[in-house]
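Trainee: I would like the atomic coordinates for the input below:
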Amino acid sequence: MLLRYAFRTVRHRKGGFVGAFLALMCAAALIAACGSLLETGLRGKIATERYAGAPIIVSADQNVHRTTVKEKKGKTKVKHKAKPLAERAWLPRTTADEVRAVDGVEQVIPELSFLAQPLGTPHTGRSLGHAWSSAALTPFRLTDGTAPKGAGDLVVDRGFAQRAGLATGDRLTVQSTQAPRTYRITGIAAPAEGQDLKHQSALFFSDAEAERLAAHPGQVTALAVIPEDGVSASALSERLREALPAPQVQVSTGEAKGAVEFLDAAGARVKLVSMGGAMGGTSLLVAVLVVVGTFALTVQQRHRELALLRAIATTSKQIRQLLAREALVVGAVAGLAGALLGLPLGSWLQHRFVEAGAIPASLDHTVSVFPLFAAFGATLFGAWAAARISGRRIARIRPAQALSEAALQPARPAWTRIAAGCVTLAGGITLVAVLSTLRTEPASTPVTFLAVVVLAIAVALLGPLLVKATAFFLKLPLRLTGHGGKLATANLRGNSVRMASVVTPLVLLIGMTCTVLFVQSTLGDASRAQAREGVRADWVLSAQGPGVPAGAAGKIRDSGATATEVVRTTVRVGLDKYQTQGVTPEGLTRTWDPEVTAGTLTGFGPRSAAVSELAADQLGLKPGSTLKLTLGDGTPATVEVTAVYARGLGFGDLTLAHDLVAAHVDNPLAAAVLVASDAPRHQLADALRDFPGTQILAPGEADRLQAERQQANAEVNLLAMALVLAFTAIAVVNTLVMSVSARVREFAQLRLVGATRHQVLRMLRIEAVSVVLLATALGSGIALAVLTAFSVGMTGAAAPSMAPLLYVTVIAAAAALALVATSLPGRSALRARPVEAALARE
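Mentor: The predicted structure is shown next:
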């Protein structure tokens with residue numbers, strides 16, 4: 001019977017449930033979109049392109065492994081963990097002989113893949129060089145011209161030739177691991193079967209030239225294995241796994257080959273899992289907070305009806321069941337609609353990540369029913385929980401008290417709500433305190449956004465008291481605005497619960513937006529400040545392409561200057577990841593000052609290491625300590641710590657010798673070259689005429705360029721939270737519209753006692769301004785507290801970076817949303833004649 005009554009209530013009070021429906025639908029879409037990203041990270045397929053024609057790929061292991069054995073209560077527990085490497089791991093060329101010795105192998109094709117970026121052509125995205133002998137992998141066939149034979153010959157794939165407008169006989173300058181070189185295009189090749197390459201451009205060199213450019217003598221990227229006739233790929237792959245050492249050598253077939261071909265796509269899976277999980281968790285917390293607020297407003301608008309039910313002997317249990325069934329009805333419809341909307345939304349979001357360069361296009365978006373079920377279930381549970389929480393008071397109070405409260409709002413919120421608000425506030429303060437002690441970005445980022453949400457929940461619970469306090473402080477200024485101000489003051493004091501439900505989403509919008517916008521700038525500005533203070537160089541060499549060649553730094557040295565090449569990578573100490581730079585030891589102290597706090601950089605050599613104070617604390621290092629690490633391509637190395645420095649944000653956690661790092665990265669070109677020289681810019685530029693794309697910058701110019709790159713990264717992070725912010729903005733509008741639309745009878749009564757439409761609208765605008773002021777103060781306070789704690793933990797100083805113009809834009813946008821969402825429904829509510837409106841609502 002209650003279910004039938006719930007259906008009738010929803011059917012006949014559609015307007016009252018529209019707000020809850022929209023909030024739940026947006027929440028479901030948000031959760032489904034984040035779920036699809038998470039699933040893509042877990043199960044996303046990486047389709048092969050060049051490796052498509054090879055049934056089996058043999059490659060080096062791309063992970064660092066650690067096995068631990070623990071004895072507990074007489075039982076031995078063995079745990080194995082693996083973490084991915086930052087660079088490609090290479091195979092010894094002799095592995096090909098071991099593979100050929102396995103029964104059933106017909107052919108083994110060595111593969112070389114290395115950096116090869118065309119210069120002077122339109123942007124072509126990912127571009128790699130290969131030996132022509134590995135063209136059989138796809139296989140590629142010449143459609144025009146001849147194969148490369150000499151060191152200056154080059155064959156390009158057909159898709160790239162069409163995009164760049166190239167033909168046989170043309171010349172193309174290529175920046176690879178060495179100095180840029182101009183090649184003559186001797187041929188154009190295309191896959192023998194299927195379409196042109198979609199996610200990469202392939203440049204084929206002669207085998208000898210490819211060996212030189214790959215810069216890994218005696219090693220290969222991978223081996224393609226062709227089985228003999230009658231031997232299946234699965235059977236041969238099992239024989240190979242038994243014959244080859246594991247886990248040093250991996251054997252891949254089918255879909256697993258894609259992860260070997262596109263290492264960046266395999267790494268993007270980890271990023272999407274982290275990003276999808278963080279977004280999904282934050283989205284769920286925000287959704288619950290918004291949905292609870294929306295249902296609270298819905299229940300408040302039906303207070304008279306529910307009070308009447310209590311007065312005619314409806315029990316508390318029946319009221320709770322009625323509200324829960326109504327919520328489940330609305331939640332089921334909204335959850336289904338939102339979940340279906342969430343899948344294309346997730347696909348759009350991944351497409352935007354690809355455009356922004358956050359993830360590669362070779363990782364296919366995965367769509368299944370699991371995000372749908374998760375979103376639908378979360379929406380149903382959220383609706384049910386929100387209804388139970390929102391209806392708790394009306395279901396428990398006595399019938400007579402329910403009727404009196406329907407006519408007049410209680411003077412203060414329940415003590416349980418106040419107590420819960422205080423506990424939540426204490427939890428938020430604790431999170432802020434914890435945040436100030438976290439010194440790594442992976443650890444601090446989730447705590448940052450969790451603290452914002454928890455403090456917003458505290459605002460939601462303590463909202464009525466905060467609204468009354470605001471009304472008290474604004475009493476005099478509002479009264480000076482005339483009758484509208486007096487009415488607004490009365491409403492703020494007498495309807496504090498309703499006003500609090502409007503304040504909460506605004507606080508969340510301002511606090512979350514400011515945090516998302518300024519958390520990266522706080523970290524980036526601190527990093528750039530340390531880099532500015534630590535660069536002693538007179539000039540900085542930068543490149544428009546993949547990096548500055550070693551030959552360019554050599555030319556600068558020939559002119560009598562000191563040149564420090566800086567190449568960047570990531571290494572692992574154990575399983576922990578550390579940002580690392582490799583620097584040229586000669587003349588290092590002339591160009592670089594990381595603010596050494598222990599040890600010295602004098603005598604920094606090929607097997608030396610300088611570490612940041614953070615890394616030193618984490619790893620227990622000091623000058624003279626021995627550090628064992630795994631380089632980017634999986635090569636183990638042992639170095640001696642000679643110095644500990646303070647400017648870790650600006651220069652990374654570890655600093656090693658340039659040659660040690662450059663030999664074990666995919667891109668050995670310098671990210672920058674620090675130059676100490678008294679020579680003018682034009683004289684240095686003359687020395688770099690043979691290196692197109694390399695530019696000489698003053699340190700200030702290099703800093704501005706770094707700021708632009710920082711802004712690009714911040715836009716990617718903002719995009720990651722764009723759905724949460726958009727949902728919060730929709731919730732603001734939704735809540736305000738619901739709040740104003742429910743006051744038709746109140747507006748009619750005001751007009752019946754002599755108030756004009758203009759005075760009522762003025763009252764609404766003053767109320768909206770008061771709410772915006774309170775939300776701005778609370779939201780800004782939350783953001784400032786969280787950002788300050790983040791800054792203390794990450795930089796050691798309470799110096800959050802907040803751009804004033806951007807902050808004002810956020811506040812202006814929130815104020816505009818509030819005023820528009822108040823004025824438009826207010827005007828609509830005032831269109832009816834007062835008598836008809838008053839009677840219609842009785």
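Trainee: make it CA atoms for all contacts and neighbour counts henceforth
Mentor: Will do.
Trainee: list the buried residues of stretch 567-584.
Mentor: 567-572, 575, 577-584 (16 or more other Cα atoms under 10 Å).
Trainee: quick one: distance of it to the chain centre.
Mentor: Distance of stretch 567-584 from its chain centroid, counting by Cα atoms, centre = their mean, to the nearest Å, is 22 Å.
Trainee: and that stretch, average pLDDT?
Mentor: Across stretch 567-584, pLDDT averages out at 94.
Trainee: alpha carbons of that stretch, as CSV, please.
Mentor: Taking C-alpha atoms only, stretch 567-584 is exported to CSV below (Å, rounded to 0.1, in the frame of the first residue of the first chain):
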residue,chain,number,x,y,z
VAL,A,567,68.0,15.2,-19.0
ARG,A,568,65.0,14.0,-16.9
THR,A,569,63.6,10.6,-16.1
THR,A,570,62.1,8.6,-13.3
VAL,A,571,64.0,5.9,-11.3
ARG,A,572,62.9,3.5,-8.7
VAL,A,573,64.5,2.8,-5.3
GLY,A,574,63.0,-0.4,-4.4
LEU,A,575,59.5,0.0,-5.7
ASP,A,576,59.2,3.7,-4.9
LYS,A,577,59.4,6.2,-7.7
TYR,A,578,61.6,9.3,-7.7
GLN,A,579,61.8,12.2,-10.2
THR,A,580,65.4,12.3,-11.4
GLN,A,581,67.6,14.6,-13.5
GLY,A,582,71.0,13.8,-15.0
VAL,A,583,73.4,16.7,-15.2
THR,A,584,76.8,17.2,-16.8
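Trainee: tell me which residues are up against that stretch.
Mentor: Contact partners of stretch 567-584, identified using Cα atoms under 8 Å, 6 or more residues apart in numbering, comprise 64-66, 82-83, 85-86, 563-566, 628-632, 651-662, 665, 668-672.
Trainee: among those, which are in strands?
Mentor: 64-66, 82-83, 563-566, 628-630, 654-657, 672 (DSSP state E).
Trainee: which of those count as buried?
Mentor: So, by 16+ other Cα under 10 Å, the buried ones in the ones in strands among the contacts of stretch 567-584 are 64, 563, 564, 565, 566, 629, 630, 654, 655, 656, 657, 672.
Trainee: and those residues, which two are the farthest apart?
Mentor: The distance between the two most remote of these (Cα to Cα) is 33.7 Å, for 64 and 563.
Trainee: ok so, going back, now tabulate the buried ones among the ones in strands among the contacts of stretch 567-584 in TSV and tack on distance to residue 777.
Mentor: Shown next, in TSV, are those (distance: Cα to Cα, whole Å):
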residue	distance to residue 777
64	48
563	51
564	49
565	48
566	45
629	48
630	49
654	41
655	44
656	47
657	50
672	43
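Trainee: closest to residue 809 out of those residues?
Mentor: So of these, ranked by how close each gets to residue 809 (Cα to Cα), first place is residue 672, at 35.3 Å.
Trainee: for the stretch 451-600 of the chain, give me the ranges with low pLDDT.
Mentor: 475-476, 478-498 (pLDDT under 70).
Trainee: which stretches of it form helices?
Mentor: Under the criterion DSSP state H, counting those that start in this stretch, the stretch 451-600 of the chain carries helices at the ranges 475-479, 483-494, 496-534, 550-558, 588-591.
Trainee: who wins for proximity to residue 276 among those helices?
Mentor: Going by Cα to Cα, the one of the helices of the stretch 451-600 of the chain nearest residue 276 is helix 496-534, 15.9 Å.
Trainee: what's near enough to touch the closest residue in space to residue 625 that isn't next to it in sequence?
Mentor: Among residues not flanking residue 625 along the chain, residue 641 sits closest, at 5.3 Å (Cα to Cα, 6 or more residues apart in numbering). Under the criterion of Cα under 8 Å, 6+ apart, the neighbours of residue 641 are 608, 609, 610, 611, 621, 622, 623, 624, 625, 626, 627.
Trainee: before we move on, what about residue 31?
Mentor: 280, 283, 284, 339, 342, 371, 374, 375.
Trainee: please identify the helix or strand for the last one.
Mentor: Spelled out, that is residue 375. Assigned by DSSP states H and E, residue 375 belongs to helix 370-390.
Trainee: and that helix, what's its mean pLDDT?
Mentor: On average, helix 370-390 scores 83.
Trainee: that one - contacts with which helices or strands?
Mentor: Packed against helix 370-390, as judged by 3 or more Cα pairs under 8 Å, 6 or more residues apart in numbering; DSSP states H and E, are the following elements: helix 14-43, helix 263-301, helix 316-356.
Trainee: what packs against the longest one?
Mentor: Right, the one you point to is helix 316-356. helix 2-12, helix 14-43, helix 303-311, helix 370-390, helix 392-396, helix 699-720.
Trainee: residues making contact with the helix holding residue 375?
Mentor: 24, 27-29, 31-33, 35-36, 39, 288, 291-293, 295-296, 299, 320, 323-325, 327-328, 330-332, 334-336, 338-340, 343.
Trainee: what's the angle from it to helix 263-301?
Mentor: 30 degrees (axes from the mean of the first three to the mean of the last three Cα atoms, to 10 degrees).
Trainee: phi, psi for residue 641 please.
Mentor: For residue 641, the backbone dihedrals are phi -80, psi 120 (criterion: degrees, to the nearest 10).
Trainee: and it, how close does it get to residue 597?
Mentor: When distance is defined by Cα to Cα, to the nearest Å, residue 641 is 13 Å away from residue 597.
Trainee: ok, now residue 621?
Mentor: Counting by Cα to Cα, the gap from residue 621 to residue 597 is 13 Å.
Trainee: next: residue 318.
Mentor: Distance, residue 318 to residue 597, by Cα to Cα: 70 Å.
Trainee: now swap in residue 173 and tell me
Mentor: Distance from residue 173 to residue 597, by Cα to Cα: 46 Å.
Trainee: the two: who's more crowded?
Mentor: Each of residue 173 and residue 597 has its neighbours counted (other Cα atoms under 10 Å); residue 173 has more, 17 against 13.
Trainee: how would you label that one: helix, strand or coil?
Mentor: At residue 173 the chain is in strand, as set by DSSP: H, G, I helix; E, B strand; the rest coil.
Trainee: wait, doesn't it sit right on residue 118?
Mentor: Yes: the pair residue 173 / residue 118 is scored as a contact, 5.9 Å apart, by Cα atoms under 8 Å.
Trainee: circling back to that earlier point, list buried residues within the contacts of residue 31.
Mentor: Buried among these (16+ other Cα under 10 Å): 280, 283, 284, 339, 342, 371, 374, 375.
Trainee: name the nearest residue to the first one, sequence neighbours excluded.
Mentor: Counting by Cα to Cα, 6+ apart, the nearest residue to residue 280 once its immediate chain neighbours are dropped is residue 34, at 5.1 Å.
Trainee: quick one: contacts for the one you found?
Mentor: By Cα under 8 Å, 6+ apart, the contact list for residue 34 reads 276, 277, 279, 280, 346.
Trainee: my read: the last one touches residue 37, true?
Mentor: Yes: with contacts defined as Cα under 8 Å, residue 346 counts as touching residue 37 at a distance of 6.4 Å.
Trainee: between these two, which one's more packed in?
Mentor: For residue 346 versus residue 37, neighbours defined as other Cα under 10 Å are more numerous around residue 37 (32 against 26).
Trainee: what's the closest non-adjacent residue to the more buried one?
Mentor: With Cα to Cα, 6+ apart as the criterion, residue 37 has its nearest non-adjacent residue at 5.3 Å, and that residue is residue 276.
Trainee: how many other residues sit next to that neighbour?
Mentor: For residue 276, the count of nearby residues is 23 (other Cα under 10 Å).
Trainee: wait, it sits on residue 35?
Mentor: Yes: using Cα under 8 Å as the test, residue 276 is close enough to residue 35 to be in contact (6.6 Å).
Trainee: what ranges do the strands span in the stretch 151-300 of the chain?
Mentor: Assigned by DSSP state E, counting those that start in this stretch, the stretch 151-300 of the chain shows strands spanning 153-157, 171-175, 181-191, 201-205, 219-220, 222-227, 249-253.
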